[in-house]
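[1] sharing a model prediction with you, sequence too.
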Amino acid sequence: MIELKRPLCFFDIESTGTDVVNDRIVELAMLKRMPDGSQLKKRWLMNPQRPIPKEVSAIHGITDEMVAQAPSFKDLAGEIAAFVEDSDLSGFNSNKFDIPMLAEEFERARQQGGEVDIDFRKRFSVDVQNIFHRMEPRNLGAALKFYCGKTLENAHTALADTEATHDVLIAQIERYAQAFEQEASELDQKVDVAFLSRISNRGKTLDYAGFVRENQDGKAYLSFGKYKGRLVSELPRGESRLFSLDPKRRLSPVYQKGIERSASESQVRRMKIICVGRNYAQHAREMGSEVLQEPVLFLKPDSSVILKRQPLFLPSFSCDVHHEVELLVKINRVGKHIEERFAHRYYDEVSLGIDFTARDVQAELKKKGLPWEKAKAFDGSAAIGQWVNKSEIGPIPEISFRLEKNGSTVQKGSGSEMIFSVDRLIAYISKYFTLKKGDVLFTGTPEGVGPVSADDRLKAFLGDQCLLELLVK
C-alpha cells in the first residue's frame, strides 16, 4: 500500500473539448485519499458559459440544458481550491490534459476578479497513464506476445520485425473476425485491405508520415510538434518550411494547392472584427463629431475582409468611399472582463488595416439616427495587412504609421495619439464581448481620411515597413 505524507487527490474532467487553453470544464470529479486510507469524494457540474458541441455531448452525455442553471467555474473556484489545497494530484493522462486545463480555469477565474491563486508547481502529480505505458509496452514485441504467444527474437532487425508484423496482422484478423465483419457490413464493405486501412488510420492523412491530417471541416492541421492541433493555414509566417524541408512531411500537390487557396479564408471565418470610432481627437474634429468619454464601438462581419492579393471593388451603392488607415491587434486567447493591467497578455501581433467607409451612405444613416453597418460593414470594407510580432516593433505608444495613396502620404498617426490605449480598449470591449483567439481589433483612424477612386494604389506603412498594399477597382 502506498505511503502518503499528505492527501492524494485523484480527479477527472469532462469538458467542451480537448483544447486545454480554450475549452472549458463542464464536470469535475475528485476522490481524495487521506494518509489514513479514508476517502473523500466530490463532484461538480458547472456551466462552461459557452455551447457544448453536440459531438462532445454524445461522448460524455452532458448537454447545454443540464448545465444551464449550474454555477460557473469562477463561482466554484474557492470550493475546489479548498478541496485540493493540501493535496498532491493524480489522474489518467492528467499531466497533459486535466492538470493544465484545471490550471487554466483557475487563472481565468483569477483574472475575472476571483481571489483564488493556486500554485500547481508546489505539489506532486502522478499520471497513471504514464505508469501504464511505462510498465506495459505497446511495441511490436508486446503485440507478438499478446496475439501469437511468441517472443520476438532479433528485435529491430528488418526481417524479424517484418515477419512479426505479418504474424500479428493475421492473428488480429482471426481474433477480431466477428467484430470486423459487423463493422464492415455497417459500412457496406468487406473485410479487405481497404477496410483495414480505414480502421487503422486515425483520420484522413495528407502526408505520408501522418503529421498533417484533415479535420471534420476538411481543413489541414498539424498532429506533431509545438503547433500540434493548429490549422496549417494559421501557422506563423515562415513556418511552412516545416513541410518543404522534410520529404516525409511534404504535402501532395493537390492538398498543398488546396491549403494555399483556403489559408486566408479559413482564418477569416474564425474571426470577428471589432472597430473603434473617434479614437483620435483630430479625426473626430475633422468629422464634426465631439470627443467622447468612452469608446465608440461597431462590428464588421467576416465577409467584410478583403482576401489576400485581392483588390477593393468599389460598391455600386456608394459614390464616396473613404479610406481610414488604422493600427490593428490580433487577440491570441479567450478573455472576458479583462483587467487593463492584464490586457497586454491578450495580443502578441500587430498590423495595419483600412476601414473603408461609404461616407455618403453613412451621412444619410446618421441623419436618420440609424446604425452604420451598411456604410461600414459591406463586403470588402476591411483590408488587413501582414501581421508582425509586437516584440519586433516596440511599445505601441511609440509606433508611427502612415497611408500612401498613389505614392503620396494622405494619413499618418501614432499610438501615442490614441485617446484610448490598446490595453484600455481591450478591457473596455471585453466587458461587452467575449474576445476569442483570432479576433481583430481596429483601434481607430487618425485625421486625413479621404475618398478613393478606381485605379488608386494604397500602401500602409508601420515605420518604414509596408504591411499592406491594395489596388482599388
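    Perfect, thanks for sending it.
[2] tell me where the stretch 51-200 of the chain has helices.
    Per DSSP state H, counting those that start in this stretch, the stretch 51-200 of the chain carries helices over the ranges 54-60, 64-67, 73-84, 99-111, 128-135, 140-148, 158-175, 177-186, 193-200.
[3] what angle sits between the third one and helix 99-111?
    Just to be clear, that refers to helix 73-84. 120 degrees (axes from the mean of the first three to the mean of the last three Cα atoms, to 10 degrees).
[4] helices and strands around helix 73-84, which ones?
    The contact analysis (3 or more Cβ pairs under 8 Å, 6 or more residues apart in numbering; DSSP states H and E) places helix 73-84 against strand 8-15, strand 25-33, strand 39-45, helix 99-111. (Each C-beta comes from the backbone N, C-alpha and C, glycine too.)
[5] turn the ones you listed into a markdown table, including mean pLDDT.
    Shown next, in a markdown table, are the helices and strands packed on helix 73-84 (pLDDT from 0 to 100):
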| stretch | mean pLDDT |
| --- | --- |
| strand 8-15 | 94 |
| strand 25-33 | 94 |
| strand 39-45 | 95 |
| helix 99-111 | 88 |
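[6] in TSV, list these along with mean neighbour count and distance to Gly463.
    TSV is the format used below for these (neighbours: other Cβ atoms under 10 Å; distance: least, Cβ to Cβ, whole Å):
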stretch	mean neighbour count	distance to Gly463
strand 8-15	20	43
strand 25-33	19	44
strand 39-45	13	51
helix 99-111	19	32
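[7] can you list these in a markdown table and add distance to Gly78?
    Listed next are those as a markdown table, based on distance: least, Cβ to Cβ, whole Å:
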| stretch | distance to Gly78 |
| --- | --- |
| strand 8-15 | 16 |
| strand 25-33 | 14 |
| strand 39-45 | 12 |
| helix 99-111 | 9 |
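[8] and of those, who's closest to Gln178?
    strand 8-15 (31.9 Å; Cβ to Cβ).
[9] what are the pairing partners of that closest one, and which direction each?
    Sheet pairing of strand 8-15 (DSSP bridges) gives strand 25-33 (antiparallel), strand 88-91 (parallel).
[10] report the distance from that strand to the chain centre.
    Averaged C-alpha coordinates place strand 8-15 at 24 Å from its chain's average position (Cα atoms, centre = their mean, to the nearest Å).
[11] dump it to PDB, restricted to CA.
    Presented in PDB, the C-alpha positions along strand 8-15 are these (Å, rounded to 0.1, in the frame of the first residue of the first chain):
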ATOM      1  CA  LEU A   8      -3.500  12.400  -2.900                       C
ATOM      2  CA  CYS A   9      -6.400  13.800  -4.900                       C
ATOM      3  CA  PHE A  10      -7.500  11.800  -7.900                       C
ATOM      4  CA  PHE A  11      -9.600  13.700 -10.400                       C
ATOM      5  CA  ASP A  12     -11.100  13.600 -13.900                       C
ATOM      6  CA  ILE A  13     -12.500  16.300 -16.100                       C
ATOM      7  CA  GLU A  14     -15.300  16.400 -18.700                       C
ATOM      8  CA  SER A  15     -15.100  19.400 -20.900                       C
END
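[12] between it and strand 39-45, how many degrees?
    Using the same axes, to 10 degrees: strand 8-15 against strand 39-45 is 20 degrees.
[13] in stretch 143-160, what's buried?
    For stretch 143-160, burial by neighbour count (16 or more other Cβ atoms under 10 Å) applies to 143-144, 147, 152, 160.
[14] please work out the average pLDDT along that stretch.
    On average, the pLDDT along stretch 143-160 is 87.
[15] residue contacts, Gly448?
    283, 286, 403, 410-412 (Cβ atoms under 8 Å, 6 or more residues apart in numbering).
[16] helix/strand/coil for it?
    For Gly448, the secondary structure call by DSSP: H, G, I helix; E, B strand; the rest coil comes out as coil.
[17] again with Leu471
    Assignment for Leu471 (three-state DSSP): strand.
[18] indicate which one of the helices of the stretch 51-200 of the chain is closest to Phe10.
    helix 128-135 (8.4 Å).
[19] what helices or strands is the closest one leaning on?
    Checked by 3+ Cβ pairs under 8 Å, 6+ apart, helix 128-135 has no helix or strand packed alongside it.
[20] any buried residues in it, and which?
    So helix 128-135, judged by 16+ other Cβ under 10 Å, has zero buried residues.
[21] specify the angle between that helix and strand 8-15 in degrees.
    Using the same axes, to 10 degrees: helix 128-135 against strand 8-15 is 110 degrees.
[22] outside of helix 128-135, which residues touch it?
    90-95.
[23] any idea which of the residues you listed is closest to Ser197?
    Closest to Ser197, out of all of these and judged by Cβ to Cβ, is Asn93, at 27.5 Å.
[24] hang on, the closest one packs against Asp127?
    Yes: with contact defined as Cβ atoms under 8 Å, Asn93 reaches Asp127; the gap is 6.7 Å.
[25] adding distance to Tyr428, write the strands paired with strand 8-15 out as a markdown table.
    Below are the strands paired with strand 8-15 laid out as a markdown table (distance: least, Cβ to Cβ, whole Å):
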| stretch | distance to Tyr428 |
| --- | --- |
| strand 25-33 | 28 |
| strand 88-91 | 37 |
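[26] those strands: which one's closest to Val472?
    strand 25-33 (48.9 Å).
[27] please list the outside residues in contact with that closest one.
    So strand 25-33 is in contact with 4, 7-16, 39-48, 52, 60, 62, 67, 73, 80, 83-84, 87, 101-102, 105, going by Cβ under 8 Å, 6+ apart.
[28] can you rerun that using 6 Å?
    7-15, 39-45, 48, 62, 67, 73, 105 (Cβ atoms under 6 Å, 6 or more residues apart in numbering).
[29] and stretch 464-473, by the same measure?
    311-313, 351-352, 383, 385-386, 452, 454, 456-460.
[30] picking up where we left off before, narrow the contacts of helix 128-135 to those that are buried.
    90-91, 94.
[31] any idea how far stretch 188-200 is from the chain center?
    Counting by Cα atoms, centre = their mean, stretch 188-200 comes out at 34 Å from the chain centroid.
[32] so for it, what gets flagged as buried?
    191, 195.
[33] what about it, average pLDDT?
    For stretch 188-200, the per-residue pLDDT averages 81.
[34] who are the contact partners of Met287?
    So Met287 contacts nothing (Cβ under 6 Å, 6+ apart).
[35] may I have the phi/psi pair for it?
    phi -90, psi 0 (degrees, to the nearest 10).
[36] now swap in His322 and tell me
    phi -110, psi 150.
[37] show me what it bridges to in the sheet.
    Where His322 sits in a bridge, its partners, by DSSP bridges, are Thr357, Pro451.
[38] so who does it touch?
    His322 neighbours (Cβ under 6 Å, 6+ apart): 357, 359, 449-451.
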